[in-house]
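give the three-dimensional model of this entry:
(4 chains)
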Protein chains: 2
Amino acid sequence: MSTVDEVQRHVVRGLLRGEFAPGSWLRQDELATRIGVSRVPVREGLQRLAGLGLVRFEPNRGAVVPELTAADAIETYALRRGIEPRLLDQALPRLSIVDLAEAELALEPHEVAASPPDGAGRSSGDLEDGPVRGSPDVAADGPVSGLSPTEANWAFHRALYRAAGWQRGLAMVEILHAAVAPYVLLYTRKLGGAATSHAEHVELLAACRARDRERAQATLADHLDHAETALVDWLRRDHGD
Amino acid sequence: MSTVDEVQRHVVRGLLRGEFAPGSWLRQDELATRIGVSRVPVREGLQRLAGLGLVRFEPNRGAVVPELTAADAIETYALRRGIEPRLLDQALPRLSIVDLAEAELALEPHEVAASPPDGAGRSSGDLEDGPVRGSPDVAADGPVSGLSPTEANWAFHRALYRAAGWQRGLAMVEILHAAVAPYVLLYTRKLGGAATSHAEHVELLAACRARDRERAQATLADHLDHAETALVDWLRRDHGD
DNA sequence: GAGTGAATAATTGCATACGATTTGAGCCAT
DNA sequence: ATGGCTCAAATCGTATGCAATTATTCACTC
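Here you go, the predicted structure:
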């Protein structure tokens, strides 16, 4: 895997785990030393993510994790409603035992103590921790252990969509998931909205096992509706946007 | 506009105009000298496009314009069917006179002699642009002149979708357009399939003017179906995939 | 003490440089 | 001629360095 790929993975993972708070700056030096490369491949990785819309480059200020408005969230879920049902439809008859097993695996609770979003990189000078030392560096992505809720959520959906064989569509949906992940994490931890989501996942998986297209589609539609409502409400209420 | 943005524009434009044939390599030195910068921002721009899926990086071999299979085309149009109707739906009640005028403008015939795909993205050395200063060609996107058919097509759709205010969705659709553009150009020029597409555009614009949602949606659906059929058929027949 | 402006530090964006990898040409043996 | 081997040219990927921009500190005024 190329260095740029590694950088991309590192940052996407960080986003899914809530390590990069919305509005925080992704310091190139910091990422470079953390990953162990120079700033050049770091910048290239960030540019990839910029292409995907997961970060935004501001002239002479670097890359920032975009903050989400309620309107953004509505758009994101509208796009998910446009894409995910088609992916599911395409994948459903092709789902292998492995896919289903992987989805089931992602259903187990995985909550992990993620590095709390420290308002990272925010100019306000309370980064008394000295240089960025001692991050456990996570490394290999082999065993499925210590997934954040959003990581597990994406792993579940991806397992069900992958069989569609739509690389581009899968990438697009991953982006949409990652785009809302920082916020989903926030409201999940505050409101504990994971219960209904989990139940819907179970139901969706059962429908997929039964190859019951109609039930699967209905469940997915409900799932998206509920997730959108929860996020948008939270953005409007607790976030003032 | 940052240098990376300029590179991105340059390459996307080249793709929409058919200047970079599918399968050809995007030589970093060549792009760098053509645009008048070093290879670093060129690479960053290409990485952005890689994030968008418009080019693919192969280790130690650089960036290549991906070739499309019939399956890829089917996926692309499925995604367009998932996204574009929603964009149109959202935009329809918000369309301004300017949007409609812009769409109408894009309807006029614009065929221009594009640099024919010269096989492998080999340097066509007649583009020497002495000064290292930012080349003033290409310029802003103000006047609509000399658009390739695919550029005009995208300009038309963009004009109708922009009012939705969905930045991410618009970007996604642009990617989908650019991804098939090289092939659409090829079969358009060979088979002259532009006639029905143009008629559908006219009809779609009229429906939008009348704020006739149902008619607009039906027209768009037909439009996508026809475009997909034409492309997929061509890929299967004349391209052997 | 709050506001202001210059000096300093931190950070970015890009050019250059160089080792590493791939491509291609020439040469030899078969 | 054809296939394989060697070496040179082309090209890539990344580290380093530097000018330019932005952020922060701090002395100074009111």
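
by how many degrees do the helix or strand of chain A with the lowest mean pLDDT and helix B:167-191 diverge?
In chain A, no helix or strand scores lower on mean pLDDT, DSSP states H and E than helix A:167-191, which sits at a mean of 86. With axes from the mean of the first three to the mean of the last three CA atoms, to 10 degrees applied, the angle from helix A:167-191 to helix B:167-191 works out at 170 degrees.

now do the helix or strand just after helix A:167-191 against helix A:167-191, angle only.
Counting by DSSP states H and E, the next helix or strand C-terminal to helix A:167-191 is helix A:194-209. Orientation check (the same axes, to 10 degrees): helix A:194-209 against helix A:167-191 gives 150 degrees.

mind telling me which residue of chain A is nearest DNA strand C?
A:G62 (3.2 Å; CB to the nearest atom of the strand). (Glycine included, C-beta is placed from N, CA and C.)

need the phi and psi values for that residue.
Backbone geometry at A:G62, expressed as degrees, to the nearest 10, gives phi 90, psi -160.

what sits against it?
By CB atoms under 8 Å, 6 or more residues apart in numbering or on different chains, the contact set of A:G62 is A:25-28.

swap in 6 Å and give it another go.
A:W25 (CB atoms under 6 Å, 6 or more residues apart in numbering or on different chains).

before we move on, back to that, just confirm yes or no for the least confident helix or strand of chain A near chain B.
Yes. Residues of helix A:167-191 are located near chain B by CB under 6 Å from any CB of the partner chain, namely A:168-169.

near chain B, which residues of chain A?
With CB under 6 Å from any CB as the criterion, chain A comes near chain B at residues A:2, A:43-44, A:47-48, A:50-53, A:59, A:75, A:78-79, A:82-83, A:86, A:166, A:168-169.

next one: the most centrally placed residue in chain A from chain B, what distance?
For chain A, A:A178 is the residue whose C-alpha lies nearest the centre (CA atoms, centre = their mean; 2.9 Å). Distance of A:A178 to chain B, given as CB to the nearest CB, to the nearest Å: 12 Å.

ok so, going back, for the least confident helix or strand of chain A, packing partners?
With contacts taken as 3 or more CB pairs under 6 Å, 6 or more residues apart in numbering or on different chains; DSSP states H and E, helix A:167-191 sits against helix A:3-16, helix A:70-91, helix A:149-161.

give me that answer again for 8 Å
The contact analysis (3 or more CB pairs under 8 Å, 6 or more residues apart in numbering or on different chains; DSSP states H and E) places helix A:167-191 against helix A:3-16, helix A:70-91, helix A:149-161, helix A:213-237, helix B:70-91, helix B:167-191.

tell me the most buried of those helices?
Ranked by mean neighbour count, those are led by helix A:149-161 with a mean of 23 (mean count of other CB atoms under 10 Å in any protein chain shown).

quick check, A:V37 in contact with A:V4.
No. Between A:V37 and A:V4 there is no contact under CB atoms under 8 Å: 9.3 Å.

tell me the mean pLDDT over stretch A:21-37?
Here stretch A:21-37 scores 94 as its mean pLDDT.

chain center to that stretch, what's the gap?
Centroid displacement of stretch A:21-37 relative to its chain, using CA atoms, centre = their mean, to the nearest Å, is 18 Å.

one more: stretch A:17-25?
In this view, stretch A:17-25 has its centroid 12 Å away from the chain centroid, taken as CA atoms, centre = their mean.

in PDB, list the C-alpha atoms belonging to that stretch.
The C-alpha atoms that make up stretch A:17-25 are tabulated as PDB, following Å, rounded to 0.1, in the frame of the first residue of the first chain:
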ATOM      1  CA  ARG A  17     -13.500   7.300  15.400                       C
ATOM      2  CA  GLY A  18     -14.200  10.900  16.200                       C
ATOM      3  CA  GLU A  19     -10.500  11.700  16.800                       C
ATOM      4  CA  PHE A  20     -10.700  14.700  14.500                       C
ATOM      5  CA  ALA A  21     -13.500  17.000  15.700                       C
ATOM      6  CA  PRO A  22     -15.400  19.100  13.100                       C
ATOM      7  CA  GLY A  23     -13.800  22.400  12.700                       C
ATOM      8  CA  SER A  24     -10.400  21.200  13.800                       C
ATOM      9  CA  TRP A  25      -7.300  21.700  11.700                       C
END
